[in-house]
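>>> predicted model follows, preceded by the sequence.
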Amino acid sequence: MNATILRLSAQALAGRRRGIVLMLIPGIVVLLAIVVSALTDDGQGYEAVANLGFTLALPIVALLAAAAVLGPEVDDGSIVYLLAKPVSRHSIAISKYAAAWGATIGLGALPLLVSGLVLEPSDPGRAFGWFAAGAVAGTAYSALFLALAALTRHAVVVGLLFALLWEGVLGNVLAGIRWVAIGAWGREVGAEISPLVGGAGTGLGYALIAAMVVTVGSVYFAGDRLRSFTLRGDE
Amino acid sequence: MSVITLETVSRWYGNVVAVNGVSMTVRPGVTGLLGPNGAGKTTLIALMAGFLAPSAGTVTLDGVPIWRHTDAYRTIGLVPERELSFGYLTGRQFVRANAELHGLDAPGAATERALSIVDMTEPAARRIGTYSKGMRQRVKLASALVHDPGVLLLDEPFNGVDPRQRLHLMALLRQMGAEGRTVLFSSHILEEVEQVARQIEVVVSGRHAASGDFGQIRRLMTDRPVQYVVVTNDDRALASALIAEDAVVAVSLRRQGGVDVSVSDFGGFAVRLPRIARERGVRILELTPTDESLESVFSYLVER
């Protein structure tokens, strides 16, 4: 971990327009929860809001955060200023991951807890279940998307396709995708805390190990890509 | 004192060869990497900076391969041509981040020292996004100098820098070279290279076309007629004397004054011209080489 890289990444996240978009997404989720809870009885509409926050908002926040800490610098080559230093590439990747992870937990997983508590104050367990699901999935999402950002300049498109098409649409149709869907692993963990979250049926052990493997593997891969970073001229 | 050595280095991208069998040694002092746009200068600098793996051959810094050798950056300071995209940082924050990444004991002091070397202490509190091209260039240089490197690699450092700042930068590079650092910079402009570097490496179309000081490179071309314009107080008298010289191939009078001289051996010509002028009592007011441009050097070297 490198404190300077972490600080620069956090500044990159907070600055620019991406920062505003990142803040807007959890804002919408919590606002929706407040509106729904004001208009309906206790607990109604919970599933819809949680689903929106978990399957849509969370991966998008993770994607934007991971892409923002690495993507622009790799795209325009200015990461060379960070890499022309006697600092381990893996330490750079881990620091960038830490910044993206922090944003994902704070702006992707935490809103699940807040909106859950707003919607059904009588059952905080359910809200914590969704938070745990979001934290586990967010941890793996942000790592995977960081690796994508290190791999391709089309990370945002590829990441969206993965989150929406693969996990969202196909995941609903084909049950087998739960074995290779980050969202399913998160739910599995959330269901341990509150069965209302609805586990995917992979088993807790598998879900935790799979999430860990994806996280560690992706961050390692990102670091390895940085080791081989190639500076190209305009010529 | 550090030495960068390239041994028969090639780099290709698919079917495109960017650098072709280049061998060169970059020693302490200032070296100019000269070549037209697209000649492979940036590729060579990327190879020397460890940001590109050679497809063939070796690139070493003091005998150690540079590619994937992270510790080499303790010795190397790199000023890439790439723009800074850290517009949300102030100049001082950016240079200080570089100092911290180098793990310096006193990053604050190193930051101020580097900023003062490039004369950027005063605007350092402003965000990089508000800087002019020349200021960004100087902040880039400060970030490369912050750890007092023995090797300084600069890709087109004078591009877009205004003339006053250009002179300042040139003086700075000369000083770095005089201090015993190994300084290499690329340029496609002959005058820039001549003013800063004694040692010049010429690359054309990915090949190492020539190496030496500029005079040597010019002497490589002595079998090619060189054109001069000589303006005197008596052009006709000088022209009639010059045509008798072995070194002179052709002479013609210019309508607006002056003599066009085509010379096959400019070493001999340089010795003979002042003598002839004195013997004939002709005063030379002006002597200008008319094709001493980089383009003529390049086209000659490519044809050779």
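Thanks, I have it. Just so it is clear, the model here is predicted, and its values are computed rather than measured.

>>> name the element residue 209 belongs to?
Chain wasn't specified; assuming chain A. Here A:Ile209 sits within helix A:204-227, counting by DSSP states H and E.

>>> nope, chain B please
Assessed by DSSP H and E, B:Ala209 sits inside strand B:207-213.

>>> how about that strand and chain A, touching?
No. Strand B:207-213 is not in contact with chain A by CB under 8 Å from any CB of the partner chain; minimum separation 14.8 Å. Where you see a C-beta, it was placed from the backbone N, CA and C, and this is true even at glycine.

>>> quick one: list the elements packing against that strand.
strand B:16-26, strand B:199-204, helix B:294-303 (3 or more CB pairs under 8 Å, 6 or more residues apart in numbering or on different chains; DSSP states H and E).

>>> compute the inter-axis angle for the second one and strand B:207-213.
Spelled out, it's strand B:199-204. 160 degrees (axes from the mean of the first three to the mean of the last three CA atoms, to 10 degrees).

>>> hmm, strand B:199-204 in reach of chain A?
No. Applying CB under 8 Å from any CB, one finds strand B:199-204 out of contact with chain A, separated by at least 11.3 Å.

>>> doesn't B:Pro225 make contact with B:Val249?
Yes. In terms of CB atoms under 8 Å, B:Val249 counts as a neighbour of B:Pro225; the distance is 5.3 Å.

>>> quick one: common contacting residues for these two?
Common neighbours of B:Val249 and B:Pro225, using CB atoms under 8 Å, 6 or more residues apart in numbering or on different chains, are B:262-264.

>>> where strands are concerned, which of those count?
The strands, defined by DSSP state E, take in B:262-263 from the shared contacts of B:Val249 and B:Pro225.

>>> show me what from chain B comes close to chain A.
Contact residues (CB under 8 Å from any CB) of chain B with chain A: B:37-43, B:46, B:49, B:51-53, B:68, B:70-74, B:76-78, B:80-86, B:88-89, B:97-98, B:100-103, B:143-144, B:155.

>>> among the residues you listed, name the buried ones.
The neighbour count (16 or more other CB atoms under 10 Å in any protein chain shown) marks B:38-43, B:46, B:49, B:51-52, B:72-73, B:76-78, B:80-82, B:84-86, B:88-89, B:97-98, B:100-102, B:143-144, B:155 as buried among the residues of chain B next to chain A.

>>> how many residues are close by B:Ser116?
For B:Ser116, the count of nearby residues is 13 (other CB atoms under 10 Å in any protein chain shown).

>>> quickly note the distance from it to chain A.
20 Å (CB to the nearest CB, to the nearest Å).

>>> just the pLDDT for that residue.
Looking at B:Ser116, its pLDDT stands at 94.

>>> over to A:Ala163?
The confidence metric pLDDT takes the value 89 at A:Ala163.

>>> let's verify it: helix, strand, or coil?
Following DSSP: H, G, I helix; E, B strand; the rest coil, A:Ala163 is assigned to helix.

>>> burial count for residue 188?
Assuming you mean chain A. Residues near A:Glu188, counting by other CB under 10 Å, number 27.

>>> my question was about chain B, not that one.
When counting by other CB under 10 Å, one arrives at 19 neighbours for B:His188.

>>> residues in contact with the residue nearest the centre of chain A?
Using CA atoms, centre = their mean, the residue of chain A that lies closest to the mean C-alpha position is A:Ala62, 2.9 Å off. Going by CB under 8 Å, 6+ apart, A:Ala62 touches A:100, A:104, A:108, A:138, A:141-142, A:145.

>>> what separates it from chain B, distance-wise?
Note on A:Ala62: its distance to chain B, by CB to the nearest CB, is 22 Å.

>>> and what of A:Ile60?
From A:Ile60 across to chain B, the span is 23 Å (CB to the nearest CB).

>>> how about that residue: what's its closest non-neighbour residue?
Leaving aside its sequence neighbours, A:Ile60 sits nearest to A:Ile25 (CB to CB, 6 or more residues apart in numbering or on different chains; 6.1 Å).

>>> of all the residues in the helix or strand encompassing that neighbour, which ones are buried?
Taking DSSP H and E as the criterion, A:Ile25 maps to helix A:16-39. By neighbour count on 16+ other CB under 10 Å, the buried set for helix A:16-39 is A:18-19, A:22, A:25-26, A:29-30, A:32-33, A:36-37.

>>> now stretch B:256-274
Neighbour count says stretch B:256-274 has B:258-259, B:261-266, B:269, B:272-273 buried, by 16+ other CB under 10 Å.

>>> same thing with stretch A:215-223?
Under the neighbour-count criterion of 16+ other CB under 10 Å, stretch A:215-223 has A:215, A:218-219, A:221-223 buried.

>>> what sits up against the helix or strand encompassing B:Leu287?
Under the criterion of DSSP H and E, B:Leu287 resides in strand B:284-289. Strand B:284-289 is contacted by residues B:226-233, B:238, B:258, B:273-274, B:277 when judged by CB under 8 Å, 6+ apart.

>>> switch the cut-off to 7 Å
Here strand B:284-289 makes contact (CB atoms under 7 Å, 6 or more residues apart in numbering or on different chains) with B:226-233, B:277.

>>> return the residues of chain A in contact with chain B.
With CB under 7 Å from any CB of the partner chain as the criterion, chain A meets chain B at residues A:4, A:8, A:11, A:15-16, A:72-73, A:76-78, A:80-82, A:84-88, A:227, A:229-231, A:233, A:235.

>>> just the buried residues from those residues, in PyMOL please.
Buried residues within the residues of chain A next to chain B, by 16+ other CB under 10 Å, are selected in PyMOL with:
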select buried, chain A and resi 4+8+11+15+72+73+77+78+80+81+82+84+85+86+87+229+231+233
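
>>> weed out the non-buried ones from the contacts of A:Ala62.
Among the contacts of A:Ala62, the ones that count as buried by 16+ other CB under 10 Å are A:100, A:104, A:108, A:138, A:141-142, A:145.

>>> closest residue of the stretch 101-250 of chain B to chain A?
When scored by CB to the nearest CB, the stretch 101-250 of chain B has B:Leu101 as its residue closest to chain A, at 4.1 Å.

>>> these two touch, right, that residue and A:Pro86?
No. Under the criterion of CB atoms under 7 Å, B:Leu101 makes no contact with A:Pro86, lying 8.2 Å away.

>>> what average pLDDT does the helix holding A:Ile209 get?
Taken as a whole, helix A:204-227 has a mean pLDDT of 96.

>>> so which elements touch that helix?
The contact analysis (3 or more CB pairs under 7 Å, 6 or more residues apart in numbering or on different chains; DSSP states H and E) places helix A:204-227 against helix A:89-104, helix A:124-151, helix A:182-193.

>>> just the angle for it relative to helix A:89-104, thanks.
Using the same axes, to 10 degrees: helix A:204-227 against helix A:89-104 is 130 degrees.

>>> list the buried residues in the one helix or strand in chain A whose mean pLDDT sits lowest.
When each helix and strand of chain A is scored by mean pLDDT, DSSP states H and E, helix A:171-173 comes last, with a mean of 81. Using 16+ other CB under 10 Å as the burial criterion, the residues of helix A:171-173 that qualify are A:Gly171.

>>> how is chain B divided into domains?
If you go by automatic domain parsing, the domain ranges for chain B are B:4-219, B:226-303.

>>> starting at the chain centroid, how far to the shortest one?
Okay, so that is domain B:226-303. 28 Å (CA atoms, centre = their mean, to the nearest Å).

>>> and for the first one?
Here domain B:4-219 is found 11 Å from its chain centre; the criterion is CA atoms, centre = their mean.

>>> neighbouring contacts of stretch B:34-45?
For stretch B:34-45, using CB under 7 Å, 6+ apart, the contacting residues are A:233, A:235, B:11, B:18-19, B:22, B:33, B:52, B:81, B:153, B:155, B:186-188, B:190, B:193, B:200-206, B:298.

>>> start and end of it, how far apart?
From its first residue to its last, stretch B:34-45 covers 12 Å (CA to CA, to the nearest Å).

>>> re earlier: the strand holding B:Ala209 to strand B:16-26, inter-axis angle?
Counting by the same axes, to 10 degrees, strand B:207-213 lies at 20 degrees to strand B:16-26.
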